[in-house]
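Chemist: Requesting a structural model of the entry that follows:
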Amino acid sequence: MDLIAKIEALFMRRGACAYDGERRESVSALEHALQCAQLAEWAHADQALVAAALLHDLGQLLDGGPSDDLCDDQHEIRALGLLATGFGPEVLEPIRLHVQAKRFLVSTDERYEQGLSPASRHSLALQGGRMRPEERLIFLAQPLASAALQLRRWDDLAKHPGKRTPPLGYYLCLLEDLLRQARRPARLVIA
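Modeler: Numbers count the residues shown, from 1 in each chain. This is a model prediction of the structure:
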């Protein structure tokens, strides 16, 4: 099964499920992913960042993660192995860093934490809470930290029940296009 088919299967099998317990949100995983990708598009993000917005929580749909509310599920890294079979750092790094971006924003913006959903506040405590000054410097030194910060803001806004978005198939076509671009050989330009 190719990568896009695997992603589609995950969303179809588990995307309609609601988050449970303390992680409960007002939308399903698929609704959240589609809303996040749409926000990225509306912000004129490049295709790679739109893809990251769509796929940032894919790790929560994989089997084998912690099932209780008392430990960090590390969803930001759980799907990276699968996604790395086709996508490069422009997609993978904002996904990997989006939890760190939340920790960064909480530690640098006094109002940010107030806007988090109860589920995001709960997971923040499990994920390490506010960053210490040295952690903030390490985060900012990451090449795609600014993309992760953008993704994080869309992540927080993508929680509106019943909001209309393009269907999953629309974004799967975008993912296919990204994969095609990655497979094209680079052109040699001779000046």
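Chemist: so how far is residue 131 from residue 32?
Modeler: Separation of residue 32 from residue 131 (CB to CB, to the nearest Å): 24 Å. C-beta here means a position set from N, CA and C on the backbone, and glycine is covered the same way.
Chemist: Could you list the low-pLDDT ranges of this protein?
Modeler: For the chain, applying pLDDT under 70 flags the ranges 1, 18-24, 64-73, 185-191.
Chemist: any idea how far the residue nearest in space to the middle of the chain is from residue 132?
Modeler: Against the mean C-alpha coordinate of the chain, by CA atoms, centre = their mean, the closest residue is residue 56 at 1.7 Å. With distances taken as CB to CB, residue 56 is found 24 Å from residue 132.
Chemist: With only the CA atoms kept, save whichever strand or helix holds residue 31 in CSV.
Modeler: Using DSSP states H and E, residue 31 sits in helix 29-42. What follows is helix 29-42, C-alpha atoms only, in CSV (Å, rounded to 0.1, in the frame of the first residue of the first chain):
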residue,chain,number,x,y,z
ALA,A,29,-9.4,14.0,14.6
LEU,A,30,-10.4,14.3,10.9
GLU,A,31,-12.4,17.5,11.4
HIS,A,32,-9.4,19.0,13.3
ALA,A,33,-6.9,17.9,10.6
LEU,A,34,-9.1,19.4,7.8
GLN,A,35,-9.7,22.6,9.6
CYS,A,36,-6.0,23.0,10.4
ALA,A,37,-5.1,22.4,6.7
GLN,A,38,-7.7,24.9,5.6
LEU,A,39,-6.4,27.6,8.0
ALA,A,40,-2.9,27.0,6.6
GLU,A,41,-4.2,27.4,3.0
TRP,A,42,-6.1,30.5,3.9
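Chemist: Sweet, I'm off.
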